[in-house]
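S.K.: Fold the following, please.
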Amino acid sequence: MRLAHGAVLLLFSAFLSYLIASAALSPRAYFEDRQPRPPAAAVDRELALLGADDRTPVLERFGHWAVRAVHGDLGRTVDGTSVNAEFGRRAGVSARLLLVGTVAGTGLGVLAGLWAAVRRHRLSDRALTVLSFLVLSVPTFVLALLLKESALWFNQSAGHTVIRYTGERTPGLTGSAWTQLRDRATHMALPAATVALGAIASYSRYQRAATLDVLGADHLRTAQAKGLTPGRALLRHGVRTSLIPLTTFFSFGFLTLFTGAVFTEEIFGWPGMGSWFMDSAQKGDINSVVAVDLFAAVTVLLAGFVADVLHAALDPRVREP
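M.R.: Numbering: from 1, shown residues only. Alright, predicted model coming up:
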């Protein structure tokens, strides 16, 4: 049943994405703006090959696209390459960035929220609150630019490149597997930090509030009355309960992380789904834009599934018999 619901949501997302992309983008203008300007017949032929002929009703175009997509063919880009090939290459890049940024951001955010709740109203709690709201008030692209400029200043001060801030890896780099892995890790540091910082700020606030609710529960007050410190009582009897609300927040917040990754990839020159989306939108590439939207929809559905699994693991009351 859940799989059927996911398929229906994915189909609706694809239809809505195709409808909006067809209304907002103009692949015809992309071909007609070439120099020298191609003949009208050549433009019509290219649009027909793309399945983006604006003289055909959009519902009919979507039907043809959906039939091909069900058989694993997402069409062609306006540059004549396969959307499937480009999708596979870029999806792996974005998945690595989102995975690292999400795991680091969620883990550190939860730990920071627990720590702030135990030390509520102290200087450290207030400092974390100020820092969290400061990060949340800064747009993602501004945060990415600040980190990039900081890396540039640090490299200039050091006299050589210490922090990589452009691209996924160093072009033409040869060496052992360890050298390749280290190079990719240095390139990932700043983009992943950009994604993770927003997650840390958000999750720390939610986790702090959830933990404070748990700290006021009767069983935790009883544990403290028996001699346990608030921190020990929380770790033994309250952490599992305080994590339950975060599972729902995770599923809804994952789309925000993906949106942040769009700007992050563009600023740091990462060849992922975000930068592909920006380039495709500028070219009026409907098929590529819909492919990126499908990737976003799938990641959000998977995040929701993971959140439900975690919720069931943390709270046995919601498990199905």
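
S.K.: where does F12 fall, phi/psi-wise?
M.R.: phi -60, psi -40 (degrees, to the nearest 10).

S.K.: How about exporting stretch 156-176 as PDB, limited to the C-alpha atoms?
M.R.: Below are the C-alpha coordinates for stretch 156-176, written out as PDB (Å, rounded to 0.1, in the frame of the first residue of the first chain):
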ATOM      1  CA  GLN A 156      46.300  33.200   0.600                       C
ATOM      2  CA  SER A 157      47.500  33.500   4.200                       C
ATOM      3  CA  ALA A 158      49.000  30.000   4.200                       C
ATOM      4  CA  GLY A 159      50.700  30.700   0.900                       C
ATOM      5  CA  HIS A 160      49.300  27.500  -0.800                       C
ATOM      6  CA  THR A 161      46.000  25.800  -1.400                       C
ATOM      7  CA  VAL A 162      44.900  24.100   1.800                       C
ATOM      8  CA  ILE A 163      41.100  24.200   1.400                       C
ATOM      9  CA  ARG A 164      39.600  23.300  -2.000                       C
ATOM     10  CA  TYR A 165      36.500  25.200  -2.800                       C
ATOM     11  CA  THR A 166      35.800  24.600  -6.500                       C
ATOM     12  CA  GLY A 167      34.700  21.400  -8.100                       C
ATOM     13  CA  GLU A 168      34.100  17.900  -6.900                       C
ATOM     14  CA  ARG A 169      37.700  16.800  -7.500                       C
ATOM     15  CA  THR A 170      41.000  18.000  -8.900                       C
ATOM     16  CA  PRO A 171      41.000  17.500 -12.700                       C
ATOM     17  CA  GLY A 172      43.800  15.300 -14.000                       C
ATOM     18  CA  LEU A 173      44.800  14.100 -10.500                       C
ATOM     19  CA  THR A 174      46.600  10.800 -10.500                       C
ATOM     20  CA  GLY A 175      47.700   8.600  -7.600                       C
ATOM     21  CA  SER A 176      46.600   5.900  -5.200                       C
END
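
S.K.: Might one say that A296 is in contact with L257?
M.R.: No - between A296 and L257 there is no contact under C-beta atoms under 8 Å: 10.5 Å. Where C-beta positions appear, they are placed from N, C-alpha and C, glycine not excepted.

S.K.: quick one, which of these two is more surrounded?
M.R.: L257 (25 against 21; other C-beta atoms under 10 Å).

S.K.: Identify the residues contacting that one.
M.R.: 98, 101-102, 105, 195, 198-199 (C-beta atoms under 8 Å, 6 or more residues apart in numbering).

S.K.: One more pass at 6 Å, please.
M.R.: When contacts are counted by C-beta atoms under 6 Å, 6 or more residues apart in numbering, L257 touches 102, 195.

S.K.: Tell me the helices and strands packed up against the worst-scoring helix or strand of the chain on mean pLDDT.
M.R.: Lowest on mean pLDDT, DSSP states H and E among the helices and strands of the chain sits helix 230-237, with a mean of 71. Applying 3 or more C-beta pairs under 6 Å, 6 or more residues apart in numbering; DSSP states H and E, we find helix 230-237 packed against helix 218-225.

S.K.: Tell me the confidence at the residue most central in space within the chain?
M.R.: With distances taken as C-alpha atoms, centre = their mean, the residue of the chain nearest its centroid is F258 (2.2 Å). Note on F258: pLDDT of 72.

S.K.: One more: P321?
M.R.: 49.

S.K.: Walk me through the domains of this protein.
M.R.: Per automatic domain parsing, the domain ranges recorded for the chain read 2-70, 88-283+293-318.

S.K.: Adding distance to S82, write the ones you listed out as CSV.
M.R.: Below are the domains of the chain laid out as CSV (distance: least, C-beta to C-beta, whole Å):
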stretch, distance to S82
domain 2-70, 12
domain 88-283+293-318, 9
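
S.K.: Tell me which of those domains is the most buried.
M.R.: domain 88-283+293-318 (a mean of 17; mean count of other C-beta atoms under 10 Å).

S.K.: ok, back up a step: after the least confident helix or strand of the chain comes which helix or strand?
M.R.: helix 239-268 (DSSP states H and E).

S.K.: how far does the helix or strand just after that following helix sit from the chain's center?
M.R.: On the C-terminal side of helix 239-268, the closest following helix or strand by DSSP H and E is helix 273-283. Centroid displacement of helix 273-283 relative to its chain, using C-alpha atoms, centre = their mean, to the nearest Å, is 15 Å.

S.K.: Check which helices and strands helix 273-283 sits against.
M.R.: Short answer (3+ C-beta pairs under 6 Å, 6+ apart): helix 273-283 packs on helix 83-118, helix 239-268, helix 286-314.

S.K.: Which one of those helices lies nearest to L212?
M.R.: Nearest to L212 among those is helix 83-118 (5.1 Å), distances taken as C-beta to C-beta.

S.K.: Quick check: mean pLDDT of the closest one?
M.R.: Mean predicted confidence for helix 83-118 is 88.

S.K.: repeat for stretch 162-170
M.R.: Mean per-residue pLDDT for stretch 162-170: 81.
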